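Enquirer: Following is a predicted model, sequence given first.
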Amino acid sequence: MKRLKYLTIVMVGVLLAGCNMIGPKDEELVFQLSDLQGLWLETQVKDMQHYVRFTDEQADEPGYFYGREWDEADDVFEEDLTPYGNGWFKYLFETHGGGLTEIHLMDNGGAEIPKVYVVSKLTETDLEYYEKDRKQVKFYFEKVL
């Protein structure tokens, strides 16, 4: 009888441990929108001058904000961008899980080009994300402001 009781306790323990291994491998990542907002410099390549600014300016779609990107290596600066045209994008950031959707705005015909990313790291100073459908395409940034 004692042996059956001991065996039952062991089996319940094994089942509970197995359930833990079947569940989510990592805790869901939770980020702060305020950490994302600001000016970022891409750091993948030495001397790269590609900047991205995530603003707190509300876009024309609920939940979206405006952002801008430019490359000073191409002699394009933030002040050169035409508002709501080339270089501008709308973004939606999911603080739980790190989904980042950018809808890039184009001057020619008002085209909007969506890009979907997943944020893998976001601190007050570092930002890393990758393309959702092509995980090997990764981007690394350092916060400037």
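Expert: Good, I have the coordinates. Values in this document were obtained by computation on a predicted structure and should not be read as measured data.
Enquirer: What is the end-to-end distance of stretch 133-143?
Expert: Criterion Cα to Cα, to the nearest Å; first-to-last residue distance in stretch 133-143 is 25 Å.
Enquirer: and if you look at stretch 93-101?
Expert: Taking Cα to Cα, the first and last residues of stretch 93-101 lie 7 Å apart.
Enquirer: quick thing: my sequence starts at 765, can you match it?
Expert: All set: I'll call the first residue 765, so the last point we hit is now stretch 857-865.
Enquirer: Name the residues of it that are buried.
Expert: Residues 857, 859, 862, 864, 865 are the ones in stretch 857-865 that count as buried (16 or more other Cβ atoms under 10 Å). No exception for glycine: its C-beta is placed from N, CA and C like everyone else's.
Enquirer: Tell me if I'm right that the third one and residue 795 touch.
Expert: Yes: here residue 862 reaches residue 795: they are 5.7 Å apart, a contact under Cβ atoms under 8 Å.
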